[in-house]
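In: A structural model of the following input is requested.
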Amino acid sequence: MEYLVTMTTHVPDGTAQQEVDEVRAREAAHSAGLAAQRHLLRLWRPPLQPGEWRTLGLFAAQDAGQLEEVLASMPLRVWRTDEVTPLGPHPFDPATAAAGSGTEFFVAFTLTIPDGTPDQVADDTIAAEGRRVTELAGQGHVSRIWRLPDGRTLGLYRAADEAELASVLRSLPLYPWLKVQITPLSPHPSDPGINRG
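Out: Residues are numbered from 1 along each chain as shown. As a prediction, the model looks like this:
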């Protein structure tokens, strides 16, 4: 099973910079080991406020218990709190995606089919959405899609910038029925997705 983990680190006041640097170095080495074990799949930095230290991680584990063991093994856990979101399978998750370029974005979708929409129209539009997502994956714009516990859909998209992303999203057949929440993602130095040879 896959999990999205928001990891927020608060280094205690008065902690020596040398200690911080040592813990971060151990964290990077340990992350590489977790990636080799296929527990740590990706790491990103979300937009941060000054002084904030937050990372988003995509993890794989058999269950929540194993995930907690993985997270507890990470050196930064002594200063960190973790918010775990289980990710469910989505029928539109691309089996393969072309390598893309540009910025990655998490896009959370809330679908509201308008009252009175005939079932056939809704079914046809949803089917067209699946075909369009496959096309976008082939173009390197869609990497992954999951179901969130609250019923929303989460997609990992890639685009040159927010303007191109907006154009990509507008091309989705379901777009008129979607409310979207976009989180731009910055590269993380320990991301297995960029460090894998």
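In: now the helix or strand of the chain with the lowest mean pLDDT: buried residues?
Out: Sorted by mean pLDDT, DSSP states H and E, the helices and strands of the chain end with helix 192-195, the least confident at a mean of 72. Buried residues in helix 192-195, counted by 16 or more other CB atoms under 10 Å: 192-193. From N, CA and C alone the C-beta is placed, and that goes for glycine too.
In: give me the contact list for that helix.
Out: Applying CB atoms under 8 Å, 6 or more residues apart in numbering, the set of residues contacting helix 192-195 from outside is 31-32, 35, 40-43, 187.
In: now do stretch 72-83
Out: Contacts of stretch 72-83 with the rest of the structure, by CB under 8 Å, 6+ apart, involve 5-12, 23-24, 26-27, 30-31, 34, 71.
In: sort out for me which of those residues are in strands.
Out: Counting by DSSP state E, the part of the contacts of stretch 72-83 found in strands is 5-9.
In: of the contacts of stretch 72-83, which pair is most distant in space?
Out: Using CB to CB, the contacts of stretch 72-83 reach their maximum pairwise distance at Pro12 and Leu34, which is 24.6 Å.
In: of those two, which one has the most company?
Out: Legend: neighbour count by other CB atoms under 10 Å for Pro12 and Leu34, higher for Leu34 (20 against 9).
In: got any ranges where this structure has weak pLDDT?
Out: Judged against pLDDT under 70, the low-scoring parts of the chain cover residues 195-197.
In: now the strands for it?
Out: With DSSP E applied, the chain shows strands at 2-9, 40-45, 54-60, 80-89, 103-111, 142-147, 153-159, 178-187, listed in chain order.
In: from Thr110, how far off is the nearest residue to Ile113 once chain neighbours are set aside?
Out: Sequence neighbours aside, Ala122 is the residue nearest to Ile113 in space, at 5.2 Å (criterion: CB to CB, 6 or more residues apart in numbering). As defined by CB to CB, to the nearest Å, Ala122 lies at a distance of 15 Å from Thr110.
In: again with Ala25
Out: When CB to CB is applied, the distance between Ala25 and Thr110 equals 41 Å.
In: and these two? Which one has more around it.
Out: For Ala25 versus Thr110, neighbours defined as other CB under 10 Å are more numerous around Thr110 (14 against 11).
In: check contacts around that one.
Out: Taking CB under 8 Å, 6+ apart, we find Thr110 in contact with 152, 178-181.
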